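Sharing a sequence plus its predicted fold:
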Amino acid sequence: MPTATSEAHAAVPVAAPRRVVSVVAAYVALTKPRIIELLLVTTIPTMVLAADGWPSFGLLLGTLVGGALSAGGAQVFNSYLDRDIDAVMKRTRKRPLVTGAASPRGALIFAWVLSIVSTLWFWLVVGSWLAAALNVVAIVGYAVVYTMILKRRTAQNIVWGGMAGCMPVLIGWAAVTHSLAWTPVLLFLIIFFWTPPHYWPLSMKFKGDYEQARVPMLPVVAPVRKVAVEMVGYAAAMVATSLALAWVANMTWVYLGVAAVTGAWFLAGCIRLYRRSKAGEAKLREMRLFHDSITYLSIVFAAVMVDPFLTDVLSVR
C-alpha cells in the first residue's frame with residue numbers, strides 16, 4: 001500500500017514541470033507578444049521594399065529574431081518600471097510582476113539579457129552595425145525616454161515616446177541596405193503619425209485606469225473633443241505621408257490606390273469620433289477605431305510588401 005510520503009514524492013515530478021512552464025509563461029508575458037507581432041508586421045514589408053523583392057531567407061529570419069528580442073527587451077523594461085502603475089490599473093492587474101508570477105529582479109535581468117543579445121545579434125548575425133545602433137536607440141527610446149521620462153510627466157507622452165515603435169522600419173531597411181534613405185524615413189513617419197489616433201482611443205476607453213494611476217494621457221487631461229481634433233490632424237498627416245511615399249519610392253498605382261482608400265476610410269473614422277464628441281454622445285465607439293487602426297496599418301504595409309513584385313509599367317512615375 002503506498003504511503004503519504006511515497007505519494008508526495010510521486011507528485012514532485014509532475015509539479016516541477018508545471019512550475020517551469022508557469023515561470024516561462026510569465027516571462028514570455030512580460031515581453032507583450034501581441035505588441036511584438038505588430039512591430040514585426042512593419043519590418044517584413046520594409047525589408048521587401050528595401051531589397052526590391054524578397055531578401056535572403058537568412059537575413060529576413062535573422063532580422064525578425066533580432067527584432068523580437070529587441071522589442072521583448074524594451075517591453076520587459078517597461079513592465080519592470082511600470083509595475084506600480086500596473087498594480088492600480090484594472091486592465092493590467094494580472095500582469096506577472098503584479099501577481100508575483102515573476103520577480104522584479106528576474107525581470108530586470110531578463111530585460112538586460114534580451115537587449116544586449118539583440119544588439120549583438122544585429123551586429124554579428126545580421127551583420128549590420130547600423131541596425132545594431134538603431135536597435136540601441138529604440139530600446140533606450142522606449143525604456144528611458146517614454147517610460148521613465150515622458151509617460152508620467154506630459155500628455156504628449158505617446159506622441160514622442162511612440163517614436164520607439166517606429167524604429168523597426170529603420171532597422172529593417174538598415175539590415176538590407178546598411179544605410180538609410182528618405183523611403184524608410186517616410187515609413188517611420190507613417191507610423192509616427194498613426195500612433196496617436198491608434199493609442200488615444202484605447203486611453204479613452206480606460207480613462208479611469210489612467211486617472212487612478214495618475215498617468216497624464218491626453219484623454220485624461222483634455223476634453224474628448226480636443227483629443228478628437230488632434231487625432232484627425234495626425235490621421236490627415238499620416239495619409240499625406242503614405243501618399244508621398246508612392247512618389248518618393250517610385251511605387252505603383254496599386255499601392256497608391258490602397259493607401260488613398262484605406263487612409264480615407266481611417267480618417268473618416270476619426271472624423272466620426274470627433275462629430276460624436278462634439279454632439280456630446282455617450283458612446284464614442286472608440287475601441288472600434290482602435291481596432292480599425294490596426295487593420296489600416298496592416299493593409300498599408302501589406303501593399304508596401306506587394307508593390308515591388310508588380311510590373312514597372314504600373315509605377316507612379
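All right, it came through fine.

Could you list the low-confidence segments of the stretch 1-150 of the chain?
With pLDDT under 70 as the threshold, the stretch 1-150 of the chain has low-confidence stretches at 1-16.

Which strand or helix spans Ala101?
Ala101 belongs to no helix or strand when assigned by DSSP states H and E.

do the same with Lys278
If you go by DSSP H and E, Lys278 is part of helix 253-279.

mind checking how far that helix is from the chain centre?
Distance of helix 253-279 from the chain centroid (C-alpha atoms, centre = their mean, to the nearest Å) equals 21 Å.

Give the other helices and strands that whichever helix or strand comes after it contacts.
Note on helix 253-279: by DSSP H and E, the next helix or strand toward the C-terminus is helix 286-306. Here helix 286-306 touches helix 33-51, helix 182-205, helix 253-279, going by 3 or more C-beta pairs under 8 Å, 6 or more residues apart in numbering; DSSP states H and E. Bear in mind the C-beta positions are built from the backbone N, C-alpha and C, glycine included.

Adding mean neighbour count and distance to Tyr27, write those helices out as JSON lines.
Below are the helices and strands packed on helix 286-306 laid out as JSON lines (neighbours: other C-beta atoms under 10 Å; distance: least, C-beta to C-beta, whole Å):
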{"stretch": "helix 33-51", "mean neighbour count": "20", "distance to Tyr27": "11"}
{"stretch": "helix 182-205", "mean neighbour count": "22", "distance to Tyr27": "25"}
{"stretch": "helix 253-279", "mean neighbour count": "18", "distance to Tyr27": "35"}
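
Those: which one's closest to Val113?
helix 33-51 (16.1 Å; C-beta to C-beta).

by how many degrees do the closest one and helix 253-279 diverge?
Calculated by axes from the mean of the first three to the mean of the last three C-alpha atoms, to 10 degrees, helix 33-51 forms an angle of 140 degrees with helix 253-279.

Check which helices and strands helix 33-51 sits against.
helix 57-81, helix 167-177, helix 182-205, helix 286-306.

What's the mean pLDDT across the helix holding Lys278?
The average pLDDT for helix 253-279 rounds to 95.

Run the angle between that helix and helix 182-205 for me.
Going by the same axes, to 10 degrees, helix 253-279 makes 30 degrees with helix 182-205.

looking at the helices and strands packed on helix 33-51, which is buried most?
helix 167-177 (a mean of 27; mean count of other C-beta atoms under 10 Å).

what packs against that one?
Applying 3+ C-beta pairs under 8 Å, 6+ apart, one finds that helix 167-177 contacts helix 33-51, helix 57-81, helix 129-140, helix 182-205.

Tell me how far it lies from the chain's centre.
15 Å.

Next: stretch 294-301.
The chain centre lies 13 Å from the centre of stretch 294-301; the measure is C-alpha atoms, centre = their mean.

Next, work out how far apart Ala132 and Pro216 are.
34 Å (C-beta to C-beta, to the nearest Å).

residues in contact with the closest residue to Phe193 other than its chain neighbours?
Nearest residue to Phe193, sequence neighbours excluded (C-beta to C-beta, 6 or more residues apart in numbering): Met238, at 3.7 Å. Neighbour list for Met238: Ile190, Phe193, Trp194, Pro197, Gly263, Phe266 [criterion: C-beta atoms under 8 Å, 6 or more residues apart in numbering].

what about stretch 118-125, start to end distance?
10 Å (C-alpha to C-alpha, to the nearest Å).

Which positions within it qualify as buried?
Ser118, Thr119, Trp121, Phe122, Trp123 (16 or more other C-beta atoms under 10 Å).

do you know how far Ala244 is from Ala259?
In terms of C-beta to C-beta, Ala244 sits 10 Å off from Ala259.

Kindly report the same for Ile35.
24 Å.

Between Ala132 and Pro216, which has more neighbouring residues?
Ala132 (22 against 19; other C-beta atoms under 10 Å).

Would you check that the more buried one makes contact with Trp123?
Yes: counting by C-beta atoms under 8 Å, Ala132 touches Trp123, with 3.9 Å between them.

Need the overlap of contacts for these two.
Joint contacts of Ala132 and Trp123 (C-beta under 8 Å, 6+ apart) do not exist.

Quick one: end-to-end distance for stretch 274-294.
Per C-alpha to C-alpha, the first residue of stretch 274-294 is 19 Å away from its last.

What's the separation between Thr154 and Lys207?
From Thr154 across to Lys207, the span is 17 Å (C-beta to C-beta).

related to what we said a few turns ago, any idea of the angle whichever strand or helix holds the residue nearest to Phe193 forms with helix 286-306?
Applying DSSP H and E as the criterion places Met238 in helix 224-248. Relative orientation of helix 224-248 versus helix 286-306 (the same axes, to 10 degrees): 10 degrees.

Many thanks, I have nothing further to ask.
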